[in-house]
Structures are given as C-alpha cells and as structure tokens.
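Model the structure of this input:
(chains A and B)
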Protein chains: 2
Amino acid sequence: MQEDGKHLYEKVAEVVGNMVQTGTLRPGDKVPSLRALSRKLKVSVATVMQAYLLLENRDLIESRPQSGFYVKVSRDRLPAPRQKRNRSQTPRKVQFGNTVETIFALANQSDVVPLGVANPAPELLPLHALGRAVREVMARETDHAISYDFPPGVPELRRQIALRSADIGVDVDADEVLITNGATEGLMIALQSVAKAGDVIAVAAPAYFTVLQMIEKLGMLVVEVESDPDTGVDLDALSDWFERQPIAAVVVWANFANPTGALMSDDNKAALVALCNQHDTPLIEDDVMGDLAFNGGRPRNCKAFDTRDTVITVSSFSKTLAPGFRVGWTLGGHYHAAMMQQKQLNSSATSSITQLATARFLKHGHYDRHLIRLRRAYQSQVQQLRFGIAEHFPPGTRVSDPSGGFVMWVELPAQTDSQLVYEKALRSGISVTPGLLFSSTGRYNNYLRLCAGHPWSDTMQDAIKTLGRIVTRLAP
Amino acid sequence: MQEDGKHLYEKVAEVVGNMVQTGTLRPGDKVPSLRALSRKLKVSVATVMQAYLLLENRDLIESRPQSGFYVKVSRDRLPAPRQKRNRSQTPRKVQFGNTVETIFALANQSDVVPLGVANPAPELLPLHALGRAVREVMARETDHAISYDFPPGVPELRRQIALRSADIGVDVDADEVLITNGATEGLMIALQSVAKAGDVIAVAAPAYFTVLQMIEKLGMLVVEVESDPDTGVDLDALSDWFERQPIAAVVVWANFANPTGALMSDDNKAALVALCNQHDTPLIEDDVMGDLAFNGGRPRNCKAFDTRDTVITVSSFSKTLAPGFRVGWTLGGHYHAAMMQQKQLNSSATSSITQLATARFLKHGHYDRHLIRLRRAYQSQVQQLRFGIAEHFPPGTRVSDPSGGFVMWVELPAQTDSQLVYEKALRSGISVTPGLLFSSTGRYNNYLRLCAGHPWSDTMQDAIKTLGRIVTRLAP
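Below is the predicted model:
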C-alpha cells in the first residue's frame, strides 16, 4: 500500500490506462511486454502482471495466448450488428443472375485495396516451405505428380486430414475423406448429392453468397434461417422452418461464419445436429475458417456431434495455406460414395502436385506452426479493421466481433445503400462486398462484409478512412 | 534389268517382303533404314527407296513422316468394327448407376496392365521440362502460384491456347478461352450451360461414357447418333433425330474419337456445324485427341467451321502433357460468360501452379517438339496393339484403325459378352473397358475399348495374348 492509498499495481494500471486514453496506445495495439514495462517503471514483473490482470478485469485490455496483452476494442463503441428478420414464410427462388460475377470481376482487379475478397495475403503464407514441398514432389514423386490422381485423392493427404479431424473428436479414417478442388467444389457436390431441382435447402443467413448461387443454378429453393452475428444459426427459427415444409438439406457455417464471423457453441452444434436428425435431414457445414480461432483451441465442428453419419463437412486449405493449390476436402459420411461419383463427373481428378505438396507440408508438421503465426496475424488485422471502422464510420454503425477467421459483418445506419457504397468505394480503388449478396431477399442492403486477410498498412488505413467518408455521406 | 528379268529394286523389295512373310519383321515394326539396307545389300540408297515405294504401293509397308517406313498391319486381317444401329427411336434416360465407378475402381489399381484406361504413360511425358517449369514458377511467380487465379484463368496460358487455335483456323482471342480442371470440367459446364433437366442431348455413339454419366446426373435425356469407327458421326442419322424432336445440344468427338479413334473429314465437320445451325442447336466437341494425329498436320476442329459462335470446343493437356496438372480449356463462343459463371460455382479457380507451368512450357516452344515424339510413340503403340489383336484374338474380331490418339474400338465375335471378358481379364491382372459403357442401350456388349497409352513391352505382349485366350474361350 502506498501513501496515496493505492497499491503499486493500481498505479501501474493507471499509467497504461492513460496511454490508452490519450491515444498513445490504440485499440488493437499490443501493450508493452511485462518485462519491458517492469524495467521502464522499475517495478517487478509480478506487479505489472497484476496491473494487466486488473485492466483485463476492467475490459480495457485482453490477453491472447502465446502473444501477450492487447488493447481491447470497446464493444460500446462498436455494438454487434442486429439480426434482420426474414419476413418470407415460404421457400424462395434465388435470382442473382450475374450480379455476383459483375461485382467480383471488378473487385478482383489487382490494384484495388482488397477489403471485399476473403483472401489471405500471400505474405502471410508459408511460401518458402510450400516451395520446398513442391520441389520435393517434382523431384521425388515425379510420375505421381504429373499423372491422374483419381478420387478420392492422395492417400497420405487423406490420412493427414483424418488425423487432424480426430484431434477435434471426429471419428473418420482416410477412406472417408474425399479431396476436392477447394471447398467450393465440396459444397457443390454436397448439394448435388443430397438434393435435386425443386428441393428446399435451409441456409443460415446472412449466407455465403456462393451457396445461394449454387442453389439458384441447381434450380433448388432456399429458406433463410436467421443467424446471430455472435452465436450463429437460430435453432428455433430452423425448427419453425422444419415444421412448415420438408427440407432436403441444411447448410451452416458453425465456426467463424462467412460473413459474420459467428461461432456456434458446442451445445448449439449438438442441438443443431439433433434437430436435423429428428427430421432425417442431412447437414452440410462449411468449416473453412475452423482452424483460425484467435484464442483457445480449434473449435469442434458439427461432424464431431454426428451420430448418424449424416453430417457432411466441407473444408479446404484455401484460407490457411494456399488458395491457388485448390486443395479442399469433404467428410461425406453416408453420402461419401455419391459425392465421389459426382466429383468424378464434375472435374475428374484434383491437381496431383498440390495434393502431394500439401501432404508433405502437413506430414512434416509445418501446418500447426504456421497456424500459430497466421491466427495471430488475422487477429491483429481484424482488430485493426474494427478499430478503423470505430474511428471513421458514422454513428449507428455496428460491427461483428469475430473470435476467429478474418471476415466481419458491418451494419450501416438504416437505409444506407451498400450497393452505392460498393460502387463509390470501387471508384476510390477499394473493394467491399455489399450486403445484398448474402440473402435472396435483399434485406441486408444496409450491411457490408469486410475482409481482413491482408496486413494492416498505411494504404489500408487510408482506405478505411475513405470508406468511412463514403458511408457517412451516404447515410441518411 | 538383271538376267532373271527383274529390276534390282524389285529384288530388294523381295528381300524385305520375305522378312515380313517369315515373321522376321512383324506388322508395326520399323523396316531397316534406307542407308542401312543400302549398305547391307550393297545397292544404292535410291534403289532401296524405289523398293520401299513398291512395297508401299503393294500395301505391305507404309511411310510415316520424319520417322521412316513401317510394316503395315493388314486391314484384311483386321476389318473395321461395324456400326451398330440404334433401334431406340425416342430419347432415353441413361441408367448406369455406379457401374462405371465399380469398373474403374478396379481397373485403376496400379498393378494392372492398363489397357482399359485412356492414360498416357508417365515415361512418354516431358518430365524434365515440366519439372523445370514448375520450379521456375515457384521461384519467380511465387505469389501468383499460391494465390487464387479466378476464372477465366492465367492470361499467358489463354494467349498460348488462342495462338494454337489460330493455327487451325479458329479465330478466337485470349478473352474467349476459359481454363478448366481438365476437359471433364469443360464438358460438364458446357452441358450445364446449354441445357437443363429433361432436355434431349444428341451424342455420337459409341460415346465416351463420362458424357453419358453427366447426362444421367443432370437428369437430361440422350439420343445416340450412330458413328462410323472410321469417319465419325452419321449426319443423316443426326438429321433424322432433329426431325423427330427438339435437341438441346449435340456432343461429338470429331478428331480421333473416344472410343473408336474415328476422324471426321473437314467436309463432314462443316456439314455438321451447318446442320446444328439449321436447328439453332449448340454443338459441343471434345477435342482432347486433336493434337495427336499420326500423319499430316493437326486436323481442324468443328470450331474452325463455326460461323455463328455456337460451337463449344472442350479440350485439355491431359492426353498430351500431364493429366495430373488438370489443365483443360473451353472455347465457349456465345456461351462463354455462362460457362465462366458455372465454372466459378463448380470449383472456383483452377490450380495456379499447373496453369503457370503449362503456360511457360508452351511459351518456350517445348510443346510442339514434345508432340512430335509423342505422336510417334502413340502410333507405334497403336500398331503394336492392333498387331497383337490380329495375332491372338479369334476370327470374327474387328478393330478400328485410328489415325491419331491412342484408343481403339474392338468388335468381338457376335454374342461375346465383354462384361465377362472384363471380369476374367481383371482376374488375370489386365484392365479393359467393356462396350456396355459406351451406350445407354447396352447394344455394344460384344465390343471393347482398348487403350495404347503405354509403351509396348513383354508384359503388354503377354497381356494381349492372355486377353486373346480369354476372348477365344468366351466367343460362342
């Protein structure tokens, strides 16, 4: 106890608190390490630790495993986006036409600041180790590398995927893994294998638009199940849909959903699987972000709660390792054989080199080491982007707070036309994804998806400032 | 003139003729070079040349450009398979179920003599140059190699393909080329883009089974248009089908068809395109074997006769360069935009490394040099296989005589059950493709497809002998 009635650690906490208040430390920044601050203030490491725990208790900073303490982005300043009720009570046709293509043809131009595309930046990826893996494959497995590798795909790769699945309680062996051209092909063949034209697919919404487009192309109908930007799909809403009409399949993003970043709890995952079982309906989950949890271990997926072999897990290495490799996979359970046949017809084999190189990379244990770095990078990028939004977007803006992955869902002030935001942003050299694309109903027109797959930079900082100006001008 | 009334060159011709009659030289063998024989017989090179021309006139040997003279496989001994009339007068459902998968799951085992799979042997492919191209890509275009390369695909690759197309009179530029995961994906998206469930597709038959399976999966109906094993699709038959009902698309193999090896003449190609135009029907051609002509230049494809932009050409480098690269392409004409959208939904991007490596290989001019060697190898393998059939199969066997590619169509004596042949052959470690797969009607049950993608060897020689024994035993 000091003379002014305060503990030493409280004084240390004050010093750091002031740095935050004066803007010396900004939300998302790393606070000084224990050792550095102990040396600077001439107090013990234990005292600094106590101070940081106090600040964490007060919700000013947060600890990230193996990384340290960071200034927290206040949730008051950035409330979560709201669910938007689906007023439609009947299955709908999706009618995008070529809207999505038009948007992405422009947004994919290379000179654009890429807030609209869910891409990892190449500099975050293990270029060196992947390059070595490819060279080794060409040197030591030349025949295999250039020959057809027919489905289900390279055995060692399937074995590695089965091993990783076992880590989160999914009981599959290599024979139940099917390699696909990325998760896109996995999702397509999953839909093709469990449903036909005219069937109704229940999709968590806001929904990754590619699945809506697939439903459109396959002549299926969609019902959109509201999802909370924090906790994921609303099970009561899904249950209501089940009561209303037969559902051929349910599609969800249980881990760090695209576009919200929502993470379903294990209890909810189990309940979702049970609900689907109760209605004899296959559940398709897109788990591409599952390896990207910021804190804590890798969350389980729905497959881990699958008791009847009717959950189809679709995933890939496109968000974690190398999108251009086109290596994805499915755990198709009961539908594995049908999906393999469909895969054969859709594209025959998957690229052999990239399968073999990915297998080597996994086998050598590089993947987990890489993930530690990558998750830290995504977490910091997500925080920076959220802070930028807090700083530059108009009052009334709300942003999701993903605990993994690198996409977030932004609710703009009511009546702000995100399509106009998209157009004006593009003219300023910035890509965003307008909310329109995440539903068949058009109800997310005042929402945006923003992606934080690229390292923070001055360009990014300027872009978010410009974007804030555009939104402010367009907000009513 | 010599004392026995014969010209010297006639005597030389007799010497070589005897070598053939006694079996010293066998059909498909290369005859001694002009220089070698001239030295051996102590006559001039010109005399040997005259002798060879005489033998060529007598149909005993044949010249192959840049390669020399070869003992001809007598057509008398191996008559062409017959067309088998399609008795069905109405569109049919295809109902393979998983027959094809079952057959190939077994036939793809690595320890089987691969007469059943249309695969090039790795030793025929330019491993060294491809390896170098891949290493260069990883070293110099690292970011591109691991990043998404969204459709239409790598610009330089599309440029090279457009250039090669121009060589055979196809007027397209790089913007009209769409890169796909092999020709399989190209065929799938072509069908998906021009027709829907319930539509009728006219397919040249015997038909590459994958297209029949696609029609089955897509819920379309098929009408099978008879094709001559030599000259390809019967235009009168197609015209009759057009009169009977609306046809949503026509699918053909104009160059070295799978399974017959048939080559359509330019006149027939032009007439086919005109017939489709007359009925406002898109024509889909699978041109994967087009680069594999044994003699003469690369034949034109149907696209070269396309006046209305309604021919869709599908092709790949899988039969010529590296099946495992999964690099195919389409020239979609009028349907290009729709096909690009479909491609995006089916698998998003195509593997970047293999696209970039193929572009380098083409740009450096390696492809044409490689093709010269490859065509010679395929030609010799096809001749050896045909000779083996002539020697070991029972009377009544007929075999097509492809002038390019490496697949051939074998008609077994009537009532021979090729399904049984398949099963017994597999038990002896030999894969073949039963005729059943090449039609929805089952009418090719006494036919086989055999593939000569692998260099001739003692194993191959023994296999064809064994196969001959099996067929002989099963022939009624």
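
Work out which residue lies at the spatial centre of chain A.
Compute the mean C-alpha point of chain A, and by Cα atoms, centre = their mean the closest residue is A:Gly405, 3.8 Å away.

mind listing what that residue touches?
Listed by Cβ atoms under 8 Å, 6 or more residues apart in numbering or on different chains, the contact partners of A:Gly405 are A:Asn255, A:Phe256, A:Ala257, A:Asn258, A:Gly261, A:Met289, A:Leu292, A:Lys319, A:Tyr378, A:Val382. In short, each C-beta sits where N, CA and C put it, glycine included.

Tell me how far A:Met289 lies from chain B.
Here the criterion is Cβ to the nearest Cβ, to the nearest Å. By it, A:Met289 lies 16 Å from chain B.

coming back round to it: for the residue nearest to the residue nearest to the centre of chain A when sequence neighbours are not counted, give its distance to B:Pro65.
Residue nearest to A:Gly405 in three dimensions, not counting chain neighbours: A:Phe256, with 3.3 Å by Cβ to Cβ, 6 or more residues apart in numbering or on different chains. From A:Phe256 over to B:Pro65 the distance is 61 Å, taken as Cβ to Cβ, to the nearest Å.

what does stretch A:411-430 rub up against?
With Cβ under 8 Å, 6+ apart as the test, stretch A:411-430 has contacts from A:81-82, A:103, A:106-107, A:111-113, A:115-116, A:393-399, A:431-436, A:444-448, A:463, A:466-467, A:470-471, A:474-476.

thought the residue nearest to A:Gly405 was touching A:Asp287?
No - taking contacts as Cβ atoms under 8 Å, A:Phe256 lies outside contact range of A:Asp287: 9.2 Å.

re the thing from before, what's the distance between the residue nearest to the centre of chain A and A:Arg449?
Relative to A:Arg449, and taking Cβ to Cβ, A:Gly405 is found at 12 Å.

Quick check: neighbours shared by these two?
Joint contacts of A:Gly405 and A:Arg449 (Cβ under 8 Å, 6+ apart) are A:Asn258.

longest strand of chain A?
The longest strand of chain A (DSSP state E) is strand A:221-228.

For it, which residues meet the burial criterion?
Neighbour-count burial for strand A:221-228 flags A:Leu221, A:Val222, A:Val223, A:Glu224, A:Val225, A:Glu226, A:Ser227, A:Asp228 (criterion: 16 or more other Cβ atoms under 10 Å in any protein chain shown).

For the stretch 51-200 of chain A, which segments count as helices?
A:99-107, A:127-140, A:142-146, A:155-167, A:182-194 (DSSP state H, counting those that start in this stretch).

close to chain B, is stretch A:204-211?
Yes - applying Cβ under 8 Å from any Cβ of the partner chain, one finds stretch A:204-211 in contact with chain B at A:Thr210.

What residues of that stretch count as buried?
By neighbour count on 16+ other Cβ under 10 Å, the buried set for stretch A:204-211 is A:Ala204, A:Ala205, A:Pro206, A:Ala207, A:Tyr208, A:Phe209, A:Thr210, A:Val211.

Kindly indicate which of those residues lies nearest A:Cys276.
A:Ala204 (12.4 Å; Cβ to Cβ).

Surely that closest one is in a helix?
No - looking at A:Ala204 with DSSP: H, G, I helix; E, B strand; the rest coil, it is strand, so not inside a helix.

Next one: it relative to B:Leu272, how far apart?
49 Å.

so where's the stretch 101-250 of chain A uncertain?
A:107-108 (pLDDT under 70).

could you redo the last one with a cut-off of 90?
A:101-111, A:117 (pLDDT under 90).

re the thing from before, comparing A:Phe256 and B:Pro65, which residue is more hemmed in?
A:Phe256 (28 against 12; other Cβ atoms under 10 Å in any protein chain shown).

How much space separates that one from chain B?
Distance from A:Phe256 to chain B, by Cβ to the nearest Cβ: 19 Å.

now A:Cys302
For A:Cys302, the distance to chain B - Cβ to the nearest Cβ - is 23 Å.

Same check on A:Asn86?
Distance of A:Asn86 to chain B, given as Cβ to the nearest Cβ: 23 Å.

Then A:Val16?
39 Å.

Closest to chain B out of the contacts of A:Gly405?
Using Cβ to the nearest Cβ, A:Lys319 comes nearest to chain B of the contacts of A:Gly405, at 10.8 Å.

Contact partners for the spatially closest residue to that closest one that is not a sequence neighbour?
Excluding the flanking residues, the one nearest A:Lys319 by Cβ to Cβ, 6+ apart is A:Val288, at 5.1 Å. By Cβ under 8 Å, 6+ apart, A:Val288 lies in contact with A:Ala183, A:Asn258, A:Val314, A:Ser315, A:Ser316, A:Ser318, A:Lys319, A:Gly328.

cool, A:Leu41 as well?
A:Val12, A:Val15, A:Val48.

Could you tell me which helix of chain A is the longest one?
helix A:366-392 (DSSP state H).

wait, does that one contact chain B?
No - using Cβ under 8 Å from any Cβ, we find that helix A:366-392 stays clear of chain B, coming within 12.5 Å at best.

mean confidence score for that helix?
When pLDDT is averaged over helix A:366-392, the result is 92.

what's the following helix or strand after it?
Once helix A:366-392 ends, the next helix or strand along the chain (criterion: DSSP states H and E) is strand A:398-399.

Now do the strands in the stretch 151-300 of chain A.
Assigned by DSSP state E, counting those that start in this stretch, the stretch 151-300 of chain A shows strands spanning A:177-180, A:200-205, A:221-228, A:232-233, A:249-252, A:283-286.

For A:Arg26, find the nearest of the ones you listed.
With Cβ to Cβ as the measure, strand A:221-228 is the member of the strands of the stretch 151-300 of chain A nearest A:Arg26 (28.3 Å).

do that closest one and chain B meet at all?
No - applying Cβ under 8 Å from any Cβ, one finds strand A:221-228 out of contact with chain B, separated by at least 14.7 Å.
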